[in-house]
Each structure stands twice: as structure tokens, then as C-alpha cells.
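Asker: Need the 3D shape of this:
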Amino acid sequence: MATETATSIGTSTEHSTWKFGIAGGLVGGVVFGAMMSMMMPAVMEGAIPGMYGLSGGLAGWFIHMSHSAVLGVVFAAIAEIRPELAASTGSSVGAGVVYGIVLWAVLAVIVMPIWVGAVTPAEPPFPNLNFQSLVGHVAYGALLGGVYAALRE
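Answerer: Next comes the predicted model:
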């Protein structure tokens with residue numbers, strides 16, 4: 001007589017918030033990427049792919065969206081550690097905006113110009129205080145926080 005064992009695979013929203021971070025990061029990344037493609041095409045076509053020895057808009061978009069997803073997971077991890085930051089839609093959007101500003105200050109203002117200058121012939125300004133980039137990072141963060149909150153509810 002044979003016995004059967006049934007297994008069920010369930011997901012807990014508690015342990016899959018990283019997926020919400022990816023989703024929010026991708027939504028924010030699409031909007032921010034569109035803004036960059038229109039306002040700063042040289043960044044999307046040259047600087048971003050240049051950090052990895054590549055060139056062109058398709059490579060720039062792929063890398064930008066990959067960064068957006070990974071940084072969305074980092075946001076979700078922070079929200080798990082500090083749940084009050086994402087306790088409501090408003091607080092999550094606010095946390096996302098602050099997160100976007102921090103990303104801009106650290107990654108766009110400091111890290112990216114050093115990295116691009118080290119691996120390409122370009123000589124980006126340092127620090128790279130670009131207002132359009134700040135606006136894009138804020139939009140990214142707000143959308144990340146909003147999508148994250150909407151999916152958690």
C-alpha cells in the first residue's frame with residue numbers, strides 16, 4: 001500500500017516583503033529612467049553603462065533597472081528593521097523620499113562620479129550636485145515607498 005504525502009508551499013507576507021521592495025523599486029526605476037532619458041540622456045547612455053565597461057541606452061536601462069530593484073530590496077530590509085517607517089502609506093512614501101535623497105547624496109553625488117572617472121575617460125564633476133538627478137531620486141523614492149505600502153496592505 002502506497003502512502004502519499006501532500007506538501008503545501010505557502011508564502012508569508014512577513015517574509016516576502018523583499019518582493020514588494022523589488023516591485024516598488026522597478027516602478028520607481030521606470031519613472032526615474034524615463035526622466036533621465038529625457039533630461040539627462042548622456043547619463044543613461046554613457047555614464048551608467050560606462051561604470052560596467054558598456055555603452056548605449058539599452059545597457060544603461062538594464063543596469064539602472066537592476067540597481068532600482070536591488071535598492072528596493074534594501075528599502076524593504078530597512079522597513080522590516082524599522083516597521084514604523086512603513087506603518088502607513090504616508091510614512092512609507094515619506095521614508096521613500098528620504099531614502100531617495102540619501103541615495104542621491106551618497107550614490108549620485110559621491111560614488112558615481114568617482115566610479116565613472118575611474119573606469120571611463122569621462123571627467124564628471126565631483127561632487128556631482130545635479131538638481132535633475134535629485135528630483136529623479138526623490139521621485140524614485142516616493143514611488144518605491146508608495147508601491148511598497150500598497151502591496152503590504
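
Asker: Spatially central residue for the chain, please.
Answerer: Ser68 (2.7 Å; CA atoms, centre = their mean).

Asker: Quick check: that residue touching Leu26?
Answerer: Yes. Counting by CB atoms under 8 Å, Leu26 is a contact partner of Ser68 at 6.0 Å. C-betas here are computed from N, CA, C, even on glycine.

Asker: ok, which stretches of this structure are helices?
Answerer: Remark: helices assigned in the chain by DSSP state H are 17-39, 41-42, 48-50, 57-81, 89-103, 112-119, 131-152.

Asker: Would you check how far apart the residue lying closest to the residue nearest to the centre of the chain once chain neighbours are set aside and Ile22 are?
Answerer: Leaving aside its chain neighbours, Ser68 sits nearest to Gly29 (2.7 Å; criterion: CB to CB, 6 or more residues apart in numbering). Distance of Gly29 to Ile22, given as CB to CB, to the nearest Å: 10 Å.

Asker: shared neighbours of those two, anything?
Answerer: Common contact partners of Gly29 and Ile22 (CB atoms under 8 Å, 6 or more residues apart in numbering): 69, 72.

Asker: Just name the most buried of the helices of the chain.
Answerer: helix 48-50 (a mean of 23; mean count of other CB atoms under 10 Å).

Asker: What are the contacting residues of that helix?
Answerer: 55-56, 59-60, 63-64, 116, 119-120, 122.
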